[in-house]
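Trainee: got a structure for you, letters missing:
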Ligand SMILES: [Fe+2]
Ligand SMILES: [Fe+2]
Ligand SMILES: [Fe+2]
Ligand SMILES: [Fe+2]
Ligand SMILES: [Fe+2]
Ligand SMILES: [Fe+2]
Ligand SMILES: [Fe+2]
Ligand SMILES: [Fe+2]
């Protein structure tokens, strides 16, 4: 079973990269299921029904998210109509939205997908360790996939190692920069600290450079806008079978890099 | 000119990786100058004279550091006797220690090395943007190398883009996980968000798993000890010449991976 | 029913103030029950059996605490032998220690005492709102007293207002500085943002000035030691009866101020 | 010389309290100079020209501010036309706005007023200790008044004690809750950790309860609106003369409390 996971898609530029890359990737790799983090889908902040539908049409089967998922408040109303859009499991129970999804995949295997928020350097939220433990007691599947949306590398590594051997995949998201540490942990869990983003390459993690720099240099409030132009596409391909267990990074740093890869492969 | 930069060396295991890898790397790559981040050199926290000398003998020419540099207070006394050990430039002026170093390299080129701390999710410190600007007004060199020791990907990208075209290299450190985003910015500055660490591979960013996990799961205070066993070695090689300008990642995720590389190259 | 609540007792100087003030206060006010926050009791960090026993002898009936309660690790072993020492309710369930206490008071009234941690600007911990809600569903008493140990004024006010009318008293602790905003909320809950501390007056919230200032001015690590000399004594007296409901601040800013009060009253 | 300092004025309700209290206070106390913190003046966030003029007419001679001063971006344009409106001294030099003011007061004494931001639990900013030291080297006056706008009690106490004997008054602001610790430090500086706010009493530090509580309970983004209804008025009166040196708190917790005081005094 081959799962494609795409990191935080940031605004229109991020969506454009997905629409350009996915058809090619689907042709070259035998992808069974595609997941993407959608917290920055709609103009960099949260989601709209239109942008979710646009990404469904591009071939994404399930969406994880993060701390920005409800930045556009309309999502609070429609999110439960979208069983393929997950909000982090460790928001309080009063928050609307589905928190996991179980899918039947080729070979009659089931895949459980869920999503949690970290706490280090992030807003207060319920304990992600116990939240996932509770879910694992209640729900079973052949394979378990977790998007752990967190800032600190230590928290991500602690989370993945805590569940090492109990779940199959932990992909980190939120920092928008892909890490190079994809690996199998000692008890078999596949892990990467951060998958990175799909968004403008000439930017500060997806947003326009001027505003982001000005805020840090002056301390003054700034509006952040997603940047345009050339893009990054960041993802991982995870392969899980009775005798295969692997995680592979994909990082196109420009359209040109993607084109070169397309022609070579 | 080829510069090797080694990410945060964590404790004895990190030093062991450096002593094993450097002789081979020096033989295979024509390295002109070697820099390493030493903030976790001595049992994971700060530095001792012995560990600095051990790393000098391994071939390191200059040390950058970070928020842990003075964890062992003796360093406050001896640091000024070590012109090759830099403390971050944007500590207050009352803090002892050299903040930059200018070296004459082959081809009669000068290299200025300096080191700064970020502020997002880190203890309060002077503005790194203005601190580096002031240094650049006063000191000149053919090439300028900066280790920007910071947590947040956005702050690191903002810093590198702010100085894009004015300095030659920005390597990020502090998160202990190598990122895969090494690249040249639009105006020529070479940049990577984080070089990663040299330290125990089966660990939480270099420290023993049990304590790090227990703190997050229970909220109780824990002593952090550097872990042992197999190691990671994380570095970048930067090449700078009249017509070359490149940055290349090195990441050995185990002794075995290093051995395989050694035999193949 | 008159309850005396004493703010964070910091080290030997704080304990000395308690031993000096309590006999006089007990004589002048008809106190039925005395509670104190003990998180800084033993040399400023955590508790020892000796310091708890010393304060029991001084007349304290029950101890609340906070984020420093387990700074001395021995407390993890002995805390369950002390039913009068409470650790915050919203630590994870795996943490040892009692989290509430129900006492029978004069007039055959029961008093439930509990203690929770805030989250704003504090280490990650379980949601205090839901933790208290769960306790209130399970345990009943005529009067409910909560020490909410938190940093941010907004979080303390939100907590007290959320439970306004459902509990009788919310006293804030942790900042070590008494606030002047004691009052009854619209639905009857008595509230003060922070009760303050018992500790050295010529200090930085109880610790020696030199180290605390040096850390902020230089950014260097410092050992914090409780300061000595003259003291502050900070407390509130809460009166609860069928037709009385009041909260009164007590703040002696020096031994001399206490002496003057003693002679006048 | 009698200086009245009014804590953070929050929105329309805060301004109403000022307009009601000041005429009475001016009549009863012989105030020479009135300062107020204006960072929340205009609908809770920042300032407008109209609200500043309204408060000038109410009798305020000089405005200090804080981290919210530029929430309404128009202030960046007009602030330099208002020499009586100070932005914190330790913003970077590129930020517009006056940072101090020297006034000639009765008895031919000069008063220097300035304003700084703290850094603990606040956005990164320049070191307030060194910023004030530099100003004190350059500017002289008979009396020096500082509004130190900061979150943490320890940072405020450290700041006041660091400058104890070198400046005359340190009033803390930002938490919106008045502390009861007004006092003279060992070398003569008058200090209070926080003066508190002028704003809606039935609120979370001035903003509507529902939104503030909902954000903490759910973790969801909320718009914060200043609350209305009855108000708090928080201030201090500082008296400085050759043989007087005192600080007195004023805290009206409702219009009714103010009325009672008015009739009694
Ligand atoms: Fe994101
Ligand atoms: Fe995020
Ligand atoms: Fe670091
Ligand atoms: Fe480090
Ligand atoms: Fe405390
Ligand atoms: Fe505390
Ligand atoms: Fe304010
Ligand atoms: Fe503020």
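Mentor: Nice, thanks for sending it over. None of the values given here were measured: they were computed from a predicted structure. Ligands and ions are numbered 1, 2, ... in the order given.

Trainee: where along chain A do the strands fall?
Mentor: A:2-6, A:8-9, A:33-37, A:62-64, A:100-105, A:109-117, A:143-149, A:169-173, A:183-184, A:190-192, A:197-200, A:231-240, A:245-252 (DSSP state E).

Trainee: and residue A:181, how many neighbours does it have?
Mentor: Applying other CB atoms under 10 Å in any protein chain shown, we find 25 residues neighbouring residue A:181. Using the backbone N, CA and C atoms, a C-beta is placed for each residue, glycine as well.

Trainee: before we move on, the earlier item: out of the strands of chain A, which one sits most buried?
Mentor: Highest mean neighbour count among the strands of chain A (mean count of other CB atoms under 10 Å in any protein chain shown): strand A:8-9, with a mean of 32.

Trainee: partners of it, with directions?
Mentor: strand A:197-200 (parallel) (DSSP bridges).

Trainee: wait, does the partner strand contact ligand 2?
Mentor: No - on the criterion CB under 5 Å from the ion, strand A:197-200 is out of touch with ligand 2, staying 9.9 Å away.

Trainee: just how off-centre is that strand within its chain?
Mentor: Relative to its chain's centre, strand A:197-200 lies at 12 Å (CA atoms, centre = their mean, to the nearest Å).

Trainee: residues from the stretch 1-150 of chain A in reach of ligand 3?
Mentor: Going by CB under 5 Å from the ion, none of the residues of the stretch 1-150 of chain A are near ligand 3.

Trainee: confidence score at the residue in the stretch 101-250 of chain A that ligand 6 sits nearest to?
Mentor: Closest approach between the stretch 101-250 of chain A and ligand 6, counting by CB to the ion: residue A:124, at 16.3 Å. Residue A:124 carries a pLDDT score of 98 in this model.

Trainee: ok, now which ones touch it?
Mentor: Under the criterion of CB atoms under 8 Å, 6 or more residues apart in numbering or on different chains, the contact partners of residue A:124 comprise C:119, C:120, C:124, C:125, C:127, D:216, D:219.

Trainee: phi first, then psi, for it.
Mentor: Dihedral angles phi and psi of residue A:124 (degrees, to the nearest 10) take the values phi -60, psi 140.

Trainee: most neighbours among the contacts of residue A:124, which one?
Mentor: residue D:216 (25 neighbours).

Trainee: that one reaches residue C:150, doesn't it?
Mentor: No - counting by CB atoms under 8 Å, residue C:150 is not a contact partner of residue D:216; they are 10.7 Å apart.

Trainee: just to revisit the earlier point, closest one to residue D:61 out of the contacts of residue A:124, please.
Mentor: Set against residue D:61, the nearest of the contacts of residue A:124 by CB to CB is residue C:120 (34.6 Å).

Trainee: need the contact list for that closest one.
Mentor: A:124, C:150, C:151, C:152, C:154, C:155, D:216.

Trainee: show me what counts as buried in the longest helix along chain A.
Mentor: Among the elements of chain A assigned as helix by DSSP state H, the one spanning the most residues is helix A:11-28. Of the residues in helix A:11-28, A:11, A:12, A:13, A:14, A:15, A:16, A:17, A:18, A:20, A:21, A:22, A:25 count as buried by neighbour count, 16 or more other CB atoms under 10 Å in any protein chain shown.

Trainee: centre of the chain versus stretch A:130-149, how much separation?
Mentor: Per CA atoms, centre = their mean, the displacement of stretch A:130-149 from the mean C-alpha position of its chain is 16 Å.

Trainee: could you see whether chain C lies near that stretch?
Mentor: Yes - residues of stretch A:130-149 are located near chain C by CB under 8 Å from any CB of the partner chain, namely residue A:130.

Trainee: at contact distance from ligand 2, anything in that stretch?
Mentor: No - judged by CB under 5 Å from the ion, stretch A:130-149 stays clear of ligand 2, getting no closer than 5.6 Å.

Trainee: so does stretch A:79-96 get close to chain D?
Mentor: Yes - Stretch A:79-96 lies within reach of chain D by CB under 8 Å from any CB, at A:91, A:92, A:94, A:95.
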